[in-house]
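Q: What follows is a protein structure lacking sequence information:
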């Protein structure tokens, strides 16, 4: 068993002009790209395998991120199932000039660990230790049940 902290990845990116829309806000697609990379690294760190994106549950946009902001993404594995795992990502925007830092986004992604033949392989379980990690561990099971329920409706 591994603990949640061992799966944590933190990335920081600077929002440049080519990352923004006409309003000077970070493009949603650019942020999704960064979220996917950060989450994939967290899953791979936990599994010690290449991990591929299986689904993106949701990305909530709470506040716009502006040109010149530093964007910090913090990802960790919330729960492991058999070959899949849910990774949660929190996003913060920091404006050094103004001295502000705000939580702007939350995302939940599912990754599958694969072997050299790109076949799913089992992943070691994860042990939540803090109250927050336990809450995220329990919430991940509810989200998985909802995903599976919705998948069967759409087939």
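A: That came through fine. Nothing here was measured: the structure is a model prediction, and the numbers come from that model.

Q: Can you name the residues in contact with the helix or strand containing residue 149?
A: Residue 149 is part of helix 131-153, with elements assigned from DSSP states H and E. By CB atoms under 8 Å, 6 or more residues apart in numbering, the residues outside helix 131-153 that reach it are 4, 55, 57, 78, 79, 81, 86, 88, 108, 110, 126, 128. (Each C-beta comes from the backbone N, C-alpha and C, glycine too.)

Q: Out of those residues, flag the one nearest to residue 101.
A: residue 88 (18.8 Å; CB to CB).

Q: which residues does that closest one contact?
A: 75, 76, 78, 106, 107, 108, 136, 140.

Q: at 6 Å what do you get?
A: The contact partners of residue 88, by CB atoms under 6 Å, 6 or more residues apart in numbering, come to 78, 108, 136.

Q: List buried members of these by neighbour count.
A: Neighbour counting with 16 or more other CB atoms under 10 Å marks 78, 108, 136 as buried within the contacts of residue 88.

Q: Please render the contacts of helix 131-153 as TSV that adds pLDDT to the earlier fields.
A: Shown next, in TSV, are the contacts of helix 131-153 (pLDDT from 0 to 100):
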residue	pLDDT
4	93
55	92
57	85
78	97
79	97
81	95
86	97
88	96
108	95
110	96
126	95
128	95
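
Q: Of these, which pair is most distant in space?
A: Every pair of the contacts of helix 131-153 checked by CB to CB; the farthest is 55 and 128, at 21.4 Å.

Q: With that, I have no additional questions.
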